[in-house]
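Undergrad: Attaching a predicted model along with its sequence, questions to come.
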Amino acid sequence: NAGVTQTPKFQVLKTGQSMTLQCAQDMNHNSMYWYRQDPGMGLRLIYYSASEGTTDKGEVPNGYNVSRLNKREFSLRLESAAPSQTSVYFCASSEQPSGYYEQYFGPGTRLTVT
Amino acid sequence: AQSVTQLGSHVSVSEGALVLLRCNYSSSVPPYLFWYVQYPNQGLQLLLKYTTGATLVKGINGFEAEFKKSETSFHLTKPSAHMSDAAEYFCAVSDQGTDKLIFGTGTRLQVFP
């Protein structure tokens, strides 16, 4: 099992460009999450998908959109990148949409917006 | 809203010394509690979690944490630090009935020989 995979690993964008971060899990999990990690701020939830076909906003959704393509895949789109979106992005999945369950994390995407 | 406080953004210990990383949460109702570890340039992985039952929870790599309701704390300890323990540690909480984790700001552990 690969667990949670993310592509790309690194990306540099110019202000105003768009891009999509891809995430896939092979654990048959129902729930998937997107976080951003910034120094001194821990992880903050951007969007999550409790189950296939549903998505909900997290703590910091502005400037992002998501698509739960199927049970395995959950993508994060930046329509018009801004320097404030420079961050490390992590995708995670869990068996069920409950805080009881462990979340499994991907290796992250390091994004720089100039 | 639920919040998590990790005291000390950096902790340094000598190899073989006790590791103590502090975590306090704000909920008046006992939440689910987690400690995750992040090694350099990697994602997070679960060290241990408390849901119900025994308040002393043992995790991987010799770590353990004790849930203290009266102190709203869930501090992480390890009796003897190893060089390989150098990483960033995150405390996280979720309220029963919700599907989101709230993370603390993290504590970076350095271990000196």
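TA: Great, that's in hand. Residues are numbered from 1 along each chain as shown, chains lettered A, B, ... in the order given.
Undergrad: per-residue pLDDT, residue A:7?
TA: Looking at residue A:7, its pLDDT is 96.
Undergrad: brain fart, residue B:97
TA: 68.
Undergrad: Residue B:48 too?
TA: As summarised for this prediction, residue B:48 has a pLDDT of 96.
Undergrad: Could you find the closest non-adjacent residue to it?
TA: residue B:59 (2.8 Å; CB to CB, 6 or more residues apart in numbering or on different chains). The C-beta positions use only the backbone N, C-alpha and C, and glycine is treated the same way.
Undergrad: So the helix or strand bottoming out on mean pLDDT in chain B, near chain A or not?
TA: Every helix and strand in chain B was compared by mean pLDDT, DSSP states H and E; the lowest is strand B:102-103, with a mean of 92. Yes - Strand B:102-103 lies within reach of chain A by CB under 8 Å from any CB of the partner chain, at residue B:103.
Undergrad: Identify the residues contacting residue B:25.
TA: Neighbouring residues of residue B:25 by CB atoms under 8 Å, 6 or more residues apart in numbering or on different chains: B:2-5, B:31, B:33, B:72-74, B:91, B:93.
Undergrad: Close to chain A as well: tell me which of those qualify.
TA: Contacts with chain A within these, as defined by CB under 8 Å from any CB: B:31, B:93.
Undergrad: Please report phi then psi for residue B:70.
TA: Dihedral angles of residue B:70 (phi, psi; degrees, to the nearest 10) stand at phi -70, psi -30.
Undergrad: If you could redo that for residue B:85, that was the one I meant.
TA: phi -80, psi -10.
Undergrad: That one: what's it in contact with?
TA: B:19, B:61, B:78, B:109, B:111.
Undergrad: Let's see that with 7 Å instead.
TA: B:19, B:78, B:109, B:111 (CB atoms under 7 Å, 6 or more residues apart in numbering or on different chains).
Undergrad: Residue nearest the middle of chain B, spatially speaking?
TA: Centroid-nearest residue in chain B, with CA atoms, centre = their mean: residue B:35, separated by 3.7 Å.
Undergrad: Up against chain B, what does chain A have?
TA: A:31, A:40-43, A:45, A:48, A:50, A:58, A:90, A:97-100, A:102-103, A:105-108 (CB under 7 Å from any CB of the partner chain).
Undergrad: count of neighbours near residue B:58?
TA: Burial of residue B:58 is recorded as 11 neighbouring residues (other CB atoms under 10 Å in any protein chain shown).
Undergrad: what bridges to the nearest residue to it once chain neighbours are set aside?
TA: In space, and not counting its chain neighbours, residue B:58 is closest to residue B:64: 4.8 Å by CB to CB, 6+ apart. Bridge pairing for residue B:64 (DSSP bridges) gives the partners residue B:58, residue B:77.
Undergrad: what's the answer for residue A:48, then?
TA: Residues in a beta bridge with residue A:48, per DSSP bridges, are residue A:33, residue A:56.
Undergrad: residue ranges of the strands in chain A, please?
TA: Here chain A has its strands, by DSSP state E, at A:4-7, A:10-13, A:19-25, A:31-38, A:42-49, A:56-57, A:64-68, A:74-78, A:87-94, A:104-105, A:109-113.
Undergrad: what does chain B give?
TA: Under DSSP E, chain B gives strands at B:4-5, B:10-14, B:19-21, B:24-25, B:32-38, B:44-50, B:56-58, B:64-68, B:73-78, B:87-94, B:102-103, B:107-112.
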